[in-house]
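Visitor: using only what follows, build the 3D model:
(chains A and B)
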Amino acid sequence: MDISQILFYALSALALGSAIMVVISRNPVHSVLWLIITFFAISGHYILMNAQFLGIVNLIVYAGAIMVLFLFVIMLMNLNAETEPQKNKWLKLAGVVAGGCLLLVMVAALKQAEVKGQVAMLGTGDIGLIKNLGQALFTDYVVPFEISSVLFLSAMVGAVVIGKK
Amino acid sequence: MHSALLAIDLFLVIEKLVLIIAIVSISLVIAMYETYAERKVAAFIQDRKGPNRAGPFGILQPLADGLKLFMKEEIIPNTSNRLLFILGPCLAMMAAMMTSAVIPWGGTLNVFGRPVTLQIADINIGILYVFGVVSMGVYGIMIGGWASNNKFSLMAALRGASQVISYELPMGLSLIALLMLTGSLKMSEIVAQQMDGWWNIIYQPLGFFIFLVCAFAECNRTPFDLPEAENELNFGYHQEYSSMKLGFYLFAEYINMFISSVVMATLFFGGYDVPFFNDAAHADWGNWLVALQGAVLLIKVCFFIFLFMWVRWTIPRFRYDQLMNLGWKGLIPLSLFNMVVTAAFVLWKSNGYKF
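Guide: You can find the predicted model right below:
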């Protein structure tokens, strides 16, 4: 066990633990805060794999902007633990069954996949560095990149149109 | 396991630790004296004397203020969310302090034959790191405002959050234009380029202006201090806070001011570059040159801090719709224009100034 492995296990435990807390917290604001911690742990994983750019962009976009908007909406809706309506017991059971099925499918799919025997490249590899990532995006994957940016632009225009109404 | 842990360079750890402690304490001391400077500048602009009782010229005033804040009773409202109420000021303070990690504060010192770079971490995404930490700063305001369980605090927190998010966009766009010129996100690389050539302010005057306005908004300073508009919101997002927790919120604002001044000086005004002076030709000065560079950076920073205060005591506060109009309809188109013009010039230059 060297130091990057210790960090890997610590970050994984943090990510999984806080992800579970997102689901089981009674207060929606606490759920959002746990989700932010999850994003931090995932960014830590990116940095362990030497993908600094992806790590920091994950923080800026998800933890810095999207989760702020989430918090914004939830704080304005004033959802407290006391006022939250209790869900039907059968609904909860159905949720557990559906989640279990999803888990089963994912385990089966991962079992077939080839990643099983591979170990993540910790501290090596440089595809996540900004220079290589930019070159890959703007040469090999330029068409999907442009298509997705057109998609974002149309989403933006749509949001403005809806906001104007 | 032991061999891997012991393989870490012990001197590197000590060096970085000393550097972190030094930079954190310097920023705290500067933030402390910013409160004094703010009152003195306000007094100067309003033709008053300002604090002059504690010590000669009142220079012990920040200590007296700090002591007063520590001695006050600490009140946590009954209906508040206790944990988040305490977390709020901690987050504000932490986010304010974290940015200083990627700033190059000077050249390379020579300590007993060992080169020591005056930068905590020279990561190759320096600017993005600053940007990420700035976007974390909003959680301090939001969590504190919500946990107070007071509608004025909540409204102020929402104002603060929407303001910070809105002004992050033009800030990022103005930085993109700068990055097209430098071609690197490393802070040390950007400073090195400016030491050899012109400062970036020559190439990017409009970009600097947009960045400056956005920095005012991100620090919640007048004319953009809507989250603490007393006449509309009583006291703002820290209304329920007292004692040192209030002090942390106020203090974080001053640290933010210091750090954004440092970032502006580094990105646009040559960082620790000494103007009208060839640093490379005086390498034989050794550590004295590094000290000179650090002092020059501090002078530039002091000017920006003065600018922050000057604007605060000159320009009245915006109305909220004016703030949003300025951000979304004024600064974003302006920074997009700046970006396109810069990109066209970069392309033209790489073509050898031919069409």
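
Visitor: separation between the closest residue to chain A within chain B and A:Q112?
Guide: Residue of chain B nearest chain A, by CB to the nearest CB: B:S135 (2.9 Å). (Each C-beta comes from the backbone N, C-alpha and C, glycine too.) Remark: distance between B:S135 and A:Q112 (CB to CB, to the nearest Å) = 39 Å.

Visitor: next one: B:M257
Guide: 56 Å.

Visitor: higher neighbour count, the two?
Guide: B:M257 (26 against 7; other CB atoms under 10 Å in any protein chain shown).

Visitor: just checking, that one touches B:C219?
Guide: Yes. Because the distance of 5.3 Å satisfies CB atoms under 8 Å, B:M257 is recorded as touching B:C219.

Visitor: ok, which stretches of chain A are helices?
Guide: With DSSP state H as the criterion, chain A has helices at A:3-24, A:28-48, A:52-58, A:67-77, A:89-112, A:130-139, A:142-164.

Visitor: most tightly packed of these?
Guide: Highest mean neighbour count among those (mean count of other CB atoms under 10 Å in any protein chain shown): helix A:52-58, with a mean of 22.

Visitor: and chain B, is that one touching that?
Guide: Yes. Using CB under 8 Å from any CB of the partner chain, helix A:52-58 reaches chain B at A:52-53, A:56-57.

Visitor: between the residues you listed, which is closest to B:S350?
Guide: A:F53 (23.3 Å; CB to CB).

Visitor: which pLDDT value belongs to the residue lying closest to that closest one once chain neighbours are set aside?
Guide: Closest residue to A:F53 in three dimensions, ignoring its sequence neighbours and counting by CB to CB, 6 or more residues apart in numbering or on different chains: A:I130, at 4.2 Å. If you check A:I130, the pLDDT there is 79.

Visitor: ok, now the one 4 residues further on?
Guide: For A:G134, the model assigns a pLDDT of 83.

Visitor: pull up the gap between it and B:V24, please.
Guide: A:G134 is 34 Å from B:V24, by CB to CB.

Visitor: before we move on, the earlier item: can I get the helices of chain A in a markdown table with distance to B:G145?
Guide: Below are these laid out as a markdown table (distance: least, CB to CB, whole Å):
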| stretch | distance to B:G145 |
| --- | --- |
| helix A:3-24 | 22 |
| helix A:28-48 | 12 |
| helix A:52-58 | 26 |
| helix A:67-77 | 8 |
| helix A:89-112 | 33 |
| helix A:130-139 | 35 |
| helix A:142-164 | 24 |
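
Visitor: and of those, who's closest to B:F235?
Guide: helix A:67-77 (18.7 Å).

Visitor: which residues sit in contact with the residue lying closest to B:G140 once chain neighbours are set aside?
Guide: Excluding its sequence neighbours, the residue lying closest to B:G140 (CB to CB, 6+ apart) is B:A92, at 2.9 Å. Residues in contact with B:A92 (CB atoms under 8 Å, 6 or more residues apart in numbering or on different chains) are B:137, B:140-141, B:144, B:248-249, B:252.

Visitor: report the contact partners of the closest residue to B:I143 other than its chain neighbours.
Guide: Excluding the flanking residues, the one nearest B:I143 by CB to CB, 6+ apart is B:G88, at 4.6 Å. B:G88 makes contact with B:140-141, B:143-145, B:147, B:245, B:249, according to CB under 8 Å, 6+ apart.

Visitor: one more time with 10 Å, if that's ok
Guide: Listed by CB atoms under 10 Å, 6 or more residues apart in numbering or on different chains, the contact partners of B:G88 are B:81, B:139-148, B:153, B:157, B:237-238, B:241, B:245, B:248-249.

Visitor: kindly report the same for B:P223.
Guide: Taking CB under 10 Å, 6+ apart, we find B:P223 in contact with B:213, B:216-217, B:311-312, B:314-318, B:322-323, B:326.

Visitor: quick one: secondary structure of the residue nearest to it when sequence neighbours are not counted?
Guide: Closest residue to B:P223 apart from its sequence neighbours, by CB to CB, 6+ apart: B:I315 at 4.5 Å. Secondary structure state of B:I315, per DSSP: H, G, I helix; E, B strand; the rest coil, is coil.

Visitor: by proximity to chain B, which residue of chain A wins?
Guide: Of all residues in chain A, the one sitting closest to chain B is A:G64 (2.9 Å; CB to the nearest CB).

Visitor: that residue reaches B:M136, doesn't it?
Guide: Yes. A:G64 is within contact range of B:M136, at 6.3 Å (criterion: CB atoms under 10 Å).

Visitor: re earlier: count the residues that sit near the residue of chain A closest to chain B.
Guide: 26.

Visitor: what residue is smack in the middle of chain A?
Guide: Nearest to the mean C-alpha position of chain A, counting by CA atoms, centre = their mean, stands A:F39 at 5.9 Å.

Visitor: so how far is B:G140 from that residue?
Guide: Separation of A:F39 from B:G140 (CB to CB): 17 Å.

Visitor: so where's the chain uncertain?
Guide: Just going to use chain A. For chain A, the stretches flagged by pLDDT under 70 are A:1, A:78-86, A:114-128.

Visitor: please go with chain B instead
Guide: In chain B, residues with pLDDT under 70: B:1-8, B:229-231, B:355.

Visitor: which residues in it form strands?
Guide: Ranges of strands within chain B are B:108-111, B:114-117, based on DSSP state E.

Visitor: make CSV out of these and add mean neighbour count and distance to chain A.
Guide: Putting the strands of chain B into CSV (neighbours: other CB atoms under 10 Å in any protein chain shown; distance: least, CB to the nearest CB, whole Å) gives the following:
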stretch, mean neighbour count, distance to chain A
strand B:108-111, 14, 23
strand B:114-117, 14, 19
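
Visitor: hmm, back to that, B:L178: which of the helices of chain A is closest?
Guide: Closest to B:L178 of the helices of chain A is helix A:130-139 (CB to CB; 15.2 Å).

Visitor: got the CA positions of the closest one in PDB?
Guide: Taking Å, rounded to 0.1, in the frame of the first residue of the first chain, the C-alpha atoms of helix A:130-139 are listed here in PDB:
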ATOM      1  CA  ILE A 130      -5.400  20.200 -20.400                       C
ATOM      2  CA  LYS A 131      -3.100  20.200 -23.400                       C
ATOM      3  CA  ASN A 132      -3.700  16.600 -24.400                       C
ATOM      4  CA  LEU A 133      -7.400  16.800 -23.700                       C
ATOM      5  CA  GLY A 134      -7.700  19.900 -25.800                       C
ATOM      6  CA  GLN A 135      -5.800  18.400 -28.700                       C
ATOM      7  CA  ALA A 136      -8.000  15.200 -28.500                       C
ATOM      8  CA  LEU A 137     -11.200  17.200 -28.400                       C
ATOM      9  CA  PHE A 138     -10.300  19.600 -31.300                       C
ATOM     10  CA  THR A 139      -8.800  17.100 -33.700                       C
END
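
Visitor: on contacts alone, who are the packing partners of it?
Guide: Packing contacts for helix A:130-139, counted by 3 or more CB pairs under 10 Å, 6 or more residues apart in numbering or on different chains; DSSP states H and E, involve helix A:52-58, helix A:142-164.

Visitor: kindly recompute the last result at 6 Å.
Guide: Contacting helix A:130-139 under the criterion 3 or more CB pairs under 6 Å, 6 or more residues apart in numbering or on different chains; DSSP states H and E is no other helix or strand.

Visitor: so how far is that helix from its chain's centroid?
Guide: 22 Å (CA atoms, centre = their mean, to the nearest Å).

Visitor: do the longest helix belonging to chain B and chain A meet at all?
Guide: Criterion DSSP H: the longest helix present in chain B is helix B:10-45. No. Contact of helix B:10-45 with chain A is not found when judged by CB under 6 Å from any CB of the partner chain; the minimum separation is 12.3 Å.
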